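Chemist: below: sequence and its predicted model.
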Amino acid sequence: MSLVLIVLVLAGIAYYLGHRRSLRIAGGRIADLHSLPGHYAWYAALLAAGPALALIVLWSIVSPLVLRWATIGRLPADAQALSGPRLDFLMQDVARIAQGLPARGDVTPGLAQAGAFYGSLGTASTLLLWLLVLVLAVGGIYLALRWIAPDLRARNHVERVVRYLLLAAAVISILTTAGIVFSVLFESLRFFNRVPVTDFLFGLHWSPQTALRADQVGSSGSFGAIPLFVGTLLISTIAMLVAGPIGLLSAMYLAEYASPGFRNVAKPLMEILAGIPTVVYGFFAALTVAPFLRDAGQAIGLDVASESALAAGGVMGIMIIPFVSSLSDDALTAVPAAMRDASLGLGATRAETIRQVIVPAALPGIIAGFLLAVSRAIGETMIVVMAAGLTANLTVNPLAAVTTVTVQIVTLLVGDQEFDSAKTLAAFALGLMLFVTTLILNVVALYVMRKYREKYD
Amino acid sequence: MTDAAPAPDRFSRLRARPEGFEERSKALTARRYARERRFKALGLGAILVAMALLLILLSSVVRQGYGAFWQTYVRVPVTLDAAVLDPKGTGDPEVIGKGNFQKLIYEGLFGLFPEAKARPERRQLTRLVSSGANLILRQKVLDDPSLVGTTRDVWIVASDEVDQFMKGAIARDAPPAARPLKDGAIAAIDRLEADGRIEQRFNTLLFTQGDSREPELAGIWGAVVGSFYLMLVTALLSTPLGVGAALYLEEFAPKSRATDFIEVNINNLAAVPSIVFGLLGLAVFLGLFNMPRSAPIVGGLTLTLMTLPTIVVATRAALRAVPPSIHQAALGIGASKVQTIWHHVLPLALPGILTGVIIGLAQALGETAPLLMIGMVAFVVDAPSTPFDPSTALPVQIYLWADSPERAFTERTSAAIMILLAFLILMNLIAVLLRRRFERRW
Amino acid sequence: MQGETALNATALALDPPQAARAAEAGPKTAPKMATRGVKLWYGAKQALFGIDLDIKANEATALIGPSGCGKSTYLRCLNRMNDVIEGCRIEGEITLDGEDVYDRRIDVVQLRARVGMVFQKPNPFPKSIYDNVAYGPRIHGLARGKAEMDEIVEQSLKGAGLWKEVADRLHAPGTGLSGGQQQRLCIARAIAVSPEVILMDEPCSALDPIATAHVEELIDELRHDFTIVIVTHNMQQAARVSQRTAFFHLGKLIEVGETDQVFTNPRERMTQEYITGRFG
């Protein structure tokens, strides 16, 4: 950390020196320079800090791996044979010994030796890094000052760096997607090594916590995800049954009937629903709606589970209303006014115009909006974690408790878990399903929407 | 003008009206208007239903939560006995700090009820005050060691049962088995009330304390600090990255397949469920890079990836709103592309960009699911002092408290929700004002 | 049907034949539509300053004038399409066969069935050709059964001179036609409910010359059966298709008269300057 600060200070010095140098070679006639003095200053600063910072980043990624690899070689043979989390634990102890902290496990002489080695190697590595970085930074300043000349195209160089930095920022989004795909895919593949894909995709029984037989695959439970898929669909369907009509009808009213004043008030109010954190909806569903539904059910002689799909789905529907309504509103208002005029000019009422002309014209946009809303419902986590059940019932009864993909991901991963168990890995497999499903829905929706926009542009 | 003079009955079929049309037409028109009115009412009804749902949601939170801003205290004459706290008279905070303050509080309480001699009766009395009240008293004494050896009336935090009883959440006439307070305790409360020794005061503990197993001592300070660090990390990372990406795509990117791909990618990332980002954080930041569990730095990194698309989309919209004429004017006088953007485009687009950043951060502030994945659900009492310490966040605290069965926690959950919503409203308000203030029309 | 003679001037039911006959039979001076002192505001901005104009039956009346002169706004008053626009306020009297169209007893939906409209840009619905034409008769309940509707659609398309071109693909989308065909489809759609008056708002401005010629021919045919009001910025077109011409400028009616007279011997200087291209 302090090294980074030193590099930045050096870059500051480089900036100052570069600025002065450029003025001197110009002899007070800045017009003779190719670029402005500021560009030369930045040029020097970049040359000083760039390579040095790059080295620091590279070093901080590579050196721990090298250190670890070298230290493992020095460990006693039995420790070397360890794998996975056990080895990780041991290595953490080695690191603690090297820092002079008490180890959490037993300290064998071999371990102490490895700790000392680790410590000294680490110190050496840090020293080397400092040296290299300082050389690079100072060297950068020296070279920059030497190279600065009236015909040096400093601005072009600096601007190229800016451009690459911006490109790097844009590429982060790709890296994120790649990160999601690889992390989820990799762990899922490990899961599918233990539990066959077909068992996972088509199995009707989900109980990852209890082993039914000792020799069972994964030996920690059964992983048939169908009940989760059905539960997710059930809750999403309920949500869409609430959000679809309310959202679409209110969009129609806002787009076609409402006065601008009413629209300016009603639209932001609807948007508030979208801005409320999902954990608040979860709280509302679990502590207000679910008990209310249970009591209401009791009053009319229905058996409503206290974690009924209806409560979770209904509240999720409320959350999605603004989503449906604002996307439908966009689609409806994108229909050209000429279409509206033509219908009204023929003596159609507003309602006839909306139902028979505007909605059919806006249908692709509305459908795309619904798809996005469904994708949102499927991926919603907190409401179902707080208000839906934990046990996987294979049922489509909205009054019963069902569980969802997201609930199971949370249950499997929250709390202390062994990182390698089939249970943990199952969460990633579920995450993969979730990612793929929402991705497909989203891609289809965006495609439909794009086509639709082109139609009226 | 045309040779073919139209036959006089060319439009006879169009002019013709079906049998009995005139009578039916009236009825039909009436029906059409009725349908029109129904449809309009349906639309208005849908909006009103949505508003009503919003109102129910908010009012249920407020109804359940406003009580948490008040806390019951009991005035107990506590003898800060030097023989117990500091027998050697050292005045050393370390010695005093080890004293049994809880015992002193209980003894003060027993002093108010001299007739309660038997153990069961006394146990009822000890349940009147919070079992964590000693910590607050201890802090008070440590702040002012001269208190040692004196006897004074101290307002002691009441237990959550007493608090709930005072707020009417525990019914007096409920069957004894169904209420946590026994008859003896209720009688004691009545007497304290008659003596003016019990009252409700503004609950400062809610704002100054971290999490606690005792609802009456549980506060949101730790979560607020955790959320602050989360936002700090997220803002510091996502703003330059998001704005940079948007600048590249909008101003520099050649129209190519690669940039098209980046664009589609960003749109799709915006729709990836937040929990999947949590999985990414778990696998990459915790699994691969061995970063500390439960720490705001990891949460901030995860939320950064999540907020990026929002910021990129908003920034691009803001950049696009800057008219091309400004570009051309700057380029026309010989400014380079970077200079044009830096000197002219960015300043004009800044309000829009800031609005996008604030809205993205507001989303991140309310996000819970990815934080669960990276272990920010641990029970953390102390506020983190750096982004690398274990911590919770405001929405996670809400989730944790919502899970606790005590009525007093439900109350605090709602209070925490109100505070979270207040922060969100504040952020959105700033965004709206920013937009208003700088709204520019070309 | 046509033999029925019950003549009720205030009846608002859709009975254009009688009304049309009445107008034809009446003295030559009784106008189909008349406006007196029509003033119109969009919010605070006044767009029309007291327009007095008679529109005679079975004639094409052209409204000309530079853009922004209020001719389209005036046109949209005649079937109350301005009702749609937020903040629009109208004063004055507009009558159709002597009835005030802004009267509270007038039903705007039925008014628009009697006074149809064709717009500047062809705007077929995203439906089939058949459904485009059948839309009006369907909502107004003009046909009982498919056979009657088929007849109406066929006669409308024939009336718009489009039948031969689309007879074999009635169920193809109307948006797939060429611009000129689309505009004729819109005209077919308008005449399918048999309006008494057809308002045309620059119907050819989005069309190429050949399609324009088709539509102009059609307008000339249609005026034998309908009363036509056409807004155009093209003076040649006004001269070709209309019998009467009204010249608007800055929200005022400057001059109105027989088309020949207006174009060859205008009474007002301003009209003269406009038609000779001095401003526009």
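Modeler: Structure's in. What do you need? Small disclaimer: the values here were computed from a predicted structure and weren't measured.
Chemist: just the pLDDT for residue 42.
Modeler: Because you didn't say which chain, this covers chain A. On pLDDT, residue A:42 comes in at 80.
Chemist: should've been chain C
Modeler: Reported pLDDT for residue C:42: 88.
Chemist: the residue nearest to it when sequence neighbours are not counted: how many residues sit nearby?
Modeler: Once flanking residues are discounted, residue C:42 sits nearest to residue C:88: 5.7 Å by C-beta to C-beta, 6 or more residues apart in numbering or on different chains. C-betas here are computed from N, CA, C, even on glycine. A count of neighbours around residue C:88, defined by other C-beta atoms under 10 Å in any protein chain shown, yields 17.
Chemist: surely residue C:88 meets residue C:77?
Modeler: No: checked against C-beta atoms under 8 Å, the pair residue C:88 and residue C:77 is beyond contact range at 9.4 Å.
Chemist: next structured bit after the helix or strand harbouring residue B:44?
Modeler: Assessed by DSSP states H and E, residue B:44 sits inside helix B:21-65. Of the helices and strands lying after helix B:21-65 in sequence (DSSP H and E), the nearest is strand B:70-79.
Chemist: what's the next helix or strand after that next one in contact with?
Modeler: As assigned by DSSP H and E, the chain's next helix or strand after strand B:70-79 is helix B:82-85. Residues external to helix B:82-85 that are found in contact with it (C-beta atoms under 8 Å, 6 or more residues apart in numbering or on different chains): B:89, B:95, B:96, B:99, B:100, B:101, B:103, B:104, B:141, B:148, B:149.
Chemist: burial of residue 129, as a residue count?
Modeler: Chain wasn't specified; assuming chain A. 17.
Chemist: actually, chain C is the one I wanted.
Modeler: Using other C-beta under 10 Å, residue C:129 has 28 neighbouring residues.
Chemist: run through the strands of the stretch 101-250 of chain B in chain order.
Modeler: Here the stretch 101-250 of chain B has its strands, by DSSP state E, counting those that start in this stretch, at B:151-157, B:198-202.
Chemist: which of the ones you listed is buried the deepest?
Modeler: Of all the strands of the stretch 101-250 of chain B, strand B:151-157 carries the top mean neighbour count, a mean of 17, counting by mean count of other C-beta atoms under 10 Å in any protein chain shown.
Chemist: partners of that strand in the sheet?
Modeler: Strand B:151-157 pairs in its sheet with strand B:70-79 (antiparallel), by DSSP bridges.
Chemist: so where's the stretch 301-450 of chain A shaky on pLDDT?
Modeler: For the stretch 301-450 of chain A, the stretches flagged by pLDDT under 70 are A:415-420.
Chemist: again, only using 80
Modeler: Applying pLDDT under 80 to the stretch 301-450 of chain A flags the ranges A:414-423.
Chemist: quick check: residues of the stretch 51-200 of chain A near chain B?
Modeler: The stretch 51-200 of chain A comes close to chain B at residues A:155, A:158-159, A:162-163, A:165-174, A:176-177, A:179-180, A:183-184, A:186-187, as judged by C-beta under 8 Å from any C-beta of the partner chain.
Chemist: am I right that residue C:40 is in a helix?
Modeler: No: with DSSP: H, G, I helix; E, B strand; the rest coil as the criterion, residue C:40 is assigned strand and is not in a helix.
Chemist: so it sits right up against residue C:90, yeah?
Modeler: Yes: with contact defined as C-beta under 8 Å, residue C:40 and residue C:90 form a contacting pair (5.0 Å).
Chemist: among the two, which residue is more densely surrounded?
Modeler: Neighbour totals were compared for residue C:40 and residue C:90, and residue C:40 leads with 23 against 17 (other C-beta under 10 Å).
Chemist: leaving aside the residues adjacent along the chain, what's closest to the more buried one?
Modeler: residue C:48 (4.0 Å).
Chemist: doesn't that neighbour belong to a strand?
Modeler: Yes: assessed by three-state DSSP, residue C:48 belongs to a strand.
Chemist: next, count neighbours for it.
Modeler: Neighbour count for residue C:48, taken as other C-beta under 10 Å: 27.
Chemist: now swap in residue B:332 and tell me
Modeler: Neighbours of residue B:332 (other C-beta under 10 Å): 10.
Chemist: again, but for residue A:231
Modeler: With other C-beta under 10 Å as criterion, residue A:231 counts 29.
Chemist: tell me the contacts of the closest residue to chain C within the stretch 151-300 of chain A?
Modeler: In the stretch 151-300 of chain A, the residue that lies nearest chain C is residue A:260 (6.4 Å; C-beta to the nearest C-beta). Neighbouring residues of residue A:260 by C-beta under 8 Å, 6+ apart: residue C:86.
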